[in-house]
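K.L.:
Fold the following for me, if possible:
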Amino acid sequence: MTEPTQTVSSAGGGEFGLTWPHPLFPYQASGVRALISKPSLLLADEMGLGKTIQAIAALRCLFAAGAARVVLVVAPAGLVLQWRREFRLWAPELRLLTVLGTSSARDAIWRGKAQVYIASYETVRTDLGNSGHGNHDWDVVIIDEAQRIKNPDADISRAVKRLPRRYGWALSGTPLENSLDDLISILDFVAPGRFRPGTFARGLRRLLGEVQLRRRRADVLHDLPPKLPVQVLVDLEPRQRLAYERAEREGIIRLASLGADLRINHVLELILRLKQICNFCPETGASAKLIDLRERLQRVVTSGERALVFSQFATEPFGVKRLARELNEFHPLVLSGDLPVEARAEVIRQFEREHERKLLLLSLRVGGIGLNLTAASYVFHFDRWWNPAVESQAEDRTHRIGQAKPVHVYSYLCSDTVEERVAEILTQKRQLFTDVVDGVSLRHIRRFDLTDLLSAVGLQNTRRVP
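P.N.:
This is a model prediction of the structure:
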């Protein structure tokens with residue numbers, strides 16, 4: 001399948017014989033060549049290197065060469081409109097259909113004529129098994145934020161992997177989020193049937209060498225300003241500490257009382273409760289983190305800079321909506337999962353264009369993927385997520401192409417709490433990601449399971465849970 005590369009590259013004019021709205025970086029042109037020459041590719045460039053642009057440019061080349069007729073792009077719901085916007089900029093001649101709306105509206109869209117269909121993972125799961133929708137033999141299927149299919153048993157994963165295709169491209173800066181199984185599930189889409197579990201380490205290393213293309217920002221963007229991480233350790237406010245210790249004590253007693261009925265979800269409920277108290281005291285609203293955050297934000301805004309604040313919690317009384325109320329003096333914008341897709345796009349537009357808007361509050365799962373927020377140069381993690389790859393994704397919304405300033409990243413931890421102990425695990429999991437995805441030997445990989453995690457956060461005395 002190398003003929004499209006030769007045909008397109010030999011044409012005259014600009015890069016690949018086509019005119020582009022902005023010049024492609026050399027590494028991006030290399031990525032385009034890799035995409036159009038390989039039917040199976042995991043484009044695993046670090047966040048901020050323009051994976052979307054490379055994929056659209058590669059598709060445009062395939063269409064120009066007559067090597068593609070109909071393409072499906074599958075993306076998280078919040079990124080569907082962003083893909084449409086990028087297509088209109090980078091490949092304006094292609095006929096697009098964006099699959100949104102009610103079931104009947106989507107049905108009409110699927111039956112329409114287009115070269116490129118853009119749909120969410122949920123839409124693909126719901127629609128493409130139905131009569132009349134699944135009759136395309138896709139020339140190319142692209143899955144964005146491919147970690148969405150990390151669970152091989154999920155309906156979304158099964159639906160995506162069943163799509164008939166000649167080219168299968170997966171885009172993800174974090175193909176390994178928690179364990180090697182995440183990566184293997186993605187590879188099952190990119191190169192179905194090519195991974196043999198019997199030769200685990202050797203087989204995985206070989207297959208990654210064949211189908212993965214990964215570049216790091218530090219290697220290809222030499223002028224990108226640095227990312228400056230700072231860990232902010234705070235002591236709980238006195239009433240907050242009392243609430244925390246009481247909840248921890250009562251929680252451990254309850255776990256011990258469950259005996260043989262103890263399950264992992266019981267322990268996770270306690271950990272979640274303790275993390276919430278680390279954000280805000282449920283009785284008084286006291287928050288050591290908020291006190292520090294408000295002071296830092298005041299300095300950021302006074303200096304004319306702009307900031308993002310992430311929390312894993314979206315609602316009152318512990319997450320983004322609470323922060324919006326407490327930080328009202330900064331007139332923050334809020335991006336969370338309860339906003340419709342169009343409303344999310346409007347929030348991003350406001351932050352990009354209204355320079356008096358200095359603060360954007362985001363729930364980690366919604367704001368951590370696929371957005372370009374280089375208007376900000378400060379990032380605050382109000383609380384920590386189990387998954388360091390998700391945190392890195394969030395930070396890299398602003399540390400990417402187009403950023404002209406150093407990016408300051410502040411991560412809050414409450415001392416002598418579950419947060420401080422979880423941070424140790426996050427460090428180990430970051431090393432796991434580096435070892436596998438960035439190509440270091442797999443021999444020393446340690447696979448973390450939830451029991452290891454629970455032990456490390458100080459709950460090992462309850463007993464090993466099933």
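K.L.:
what stretches of this protein score poorly on pLDDT?
P.N.:
The chain contains residues with pLDDT under 70 at 1-14, 129-135, 177-178, 196-202, 367-372, 386-390, 401, 425-466.
K.L.:
Pull up the gap between Gly311 and Asn279, please.
P.N.:
To be clear, residue 311 is Ser; Gly isn't right here. Using CB to CB, to the nearest Å, one obtains 7 Å as the distance from Ser311 to Asn279. All C-beta spots, glycine's among them, are computed from the backbone N, C-alpha and C.
K.L.:
Quickly list what's touching both of the two.
P.N.:
In terms of CB atoms under 8 Å, 6 or more residues apart in numbering, Ser311 and Asn279 are both contacted by the residues Phe318, Gly319, Phe382, Asp383.
K.L.:
Looking at these, which is nearest Trp20?
P.N.:
Taking CB to CB as the measure, Trp20 lies nearest Phe382 of the shared contacts of Ser311 and Asn279, at 39.1 Å.
K.L.:
can you give me the strands for the stretch 51-200 of the chain?
P.N.:
Shown for the stretch 51-200 of the chain, the strands assigned by DSSP state E, counting those that start in this stretch span residues 71-75, 96-98, 116-120, 138-144, 165-171.
K.L.:
right, so those: which one is the most enclosed?
P.N.:
Mean neighbour count (mean count of other CB atoms under 10 Å) peaks for strand 71-75 among these, with a mean of 26.
K.L.:
what sits up against that one?
P.N.:
By CB under 8 Å, 6+ apart, the residues outside strand 71-75 that reach it are 55, 59, 82-83, 115-121, 124, 136, 138-145, 160, 163, 165, 370.
K.L.:
Strand 165-171 and that one, what's the angle between them?
P.N.:
Orientation of strand 71-75 against strand 165-171 (axes from the mean of the first three to the mean of the last three CA atoms, to 10 degrees) gives an angle of 30 degrees.
K.L.:
to the chain's geometric centre, what's the distance from strand 71-75?
P.N.:
Strand 71-75 has its C-alpha centroid displaced from the chain centroid by 17 Å (CA atoms, centre = their mean, to the nearest Å).
K.L.:
partner strands of that strand, parallel or antiparallel?
P.N.:
Here strand 71-75 has these sheet partners by DSSP bridges: strand 116-120 (parallel), strand 138-144 (parallel).
K.L.:
In TSV, list the strands of the stretch 51-200 of the chain along with distance to Ala243.
P.N.:
Output for the strands of the stretch 51-200 of the chain, formatted as TSV (distance: least, CB to CB, whole Å):
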stretch	distance to Ala243
strand 71-75	41
strand 96-98	47
strand 116-120	40
strand 138-144	41
strand 165-171	43
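K.L.:
can you give me the helices in the stretch 251-400 of the chain?
P.N.:
With DSSP state H, counting those that start in this stretch as the criterion, the stretch 251-400 of the chain has helices at 264-279, 288-302, 320-326, 341-353, 364-367, 388-395.
K.L.:
Distance of Arg397 relative to Arg215?
P.N.:
With distances taken as CB to CB, Arg397 is found 19 Å from Arg215.
K.L.:
err, Asp182, not the other one
P.N.:
As judged by CB to CB, Asp182 and Arg215 stand 20 Å apart.
K.L.:
mind listing what the residue lying closest to Leu171 once chain neighbours are set aside touches?
P.N.:
Nearest residue to Leu171, sequence neighbours excluded (CB to CB, 6 or more residues apart in numbering): Lys51, at 4.5 Å. Each residue near Lys51 by CB under 8 Å, 6+ apart is listed here: Gly31, Leu43, Asp45, Asp144, Leu171, Gly173.
K.L.:
Closest to Ser411 out of these?
P.N.:
Closest approach between the contacts of Lys51 and Ser411, by CB to CB: Gly173, at 18.9 Å.
K.L.:
what about the spatially closest residue to that closest one that is not a sequence neighbour, neighbour count?
P.N.:
Computed as CB to CB, 6+ apart, the closest residue to Gly173 that is not its neighbour in sequence is Met47, at 4.2 Å. With neighbours defined by other CB atoms under 10 Å, the count for Met47 comes to 22.
K.L.:
Quick check: Met47 touching Asp396?
P.N.:
Yes - contact criterion CB atoms under 8 Å: Met47 and Asp396 qualify, at 3.3 Å.
K.L.:
Need the overlap of contacts for the two.
P.N.:
Taking CB under 8 Å, 6+ apart as the criterion, Met47 and Asp396 both touch Gly173.
K.L.:
Which of the residues in stretch 50-57 are classified as buried?
P.N.:
Of the residues in stretch 50-57, Gly50, Lys51, Thr52, Ile53, Gln54, Ala55, Ile56, Ala57 count as buried by neighbour count, 16 or more other CB atoms under 10 Å.
K.L.:
where's the residue of the chain most remote from its centre relative to Ala243, distance?
P.N.:
In the chain, counting by CA atoms, centre = their mean, Ser257 sits farthest out from the average C-alpha position, at 38.4 Å. Distance, Ser257 to Ala243, by CB to CB: 21 Å.
K.L.:
now Gly259
P.N.:
In this structure, Gly259 and Ala243 are 27 Å apart, going by CB to CB.
K.L.:
so which of the helices of the stretch 251-400 of the chain gets nearest Pro23?
P.N.:
Counting by CB to CB, Pro23 lies closest to helix 341-353 out of these; the figure is 21.9 Å.
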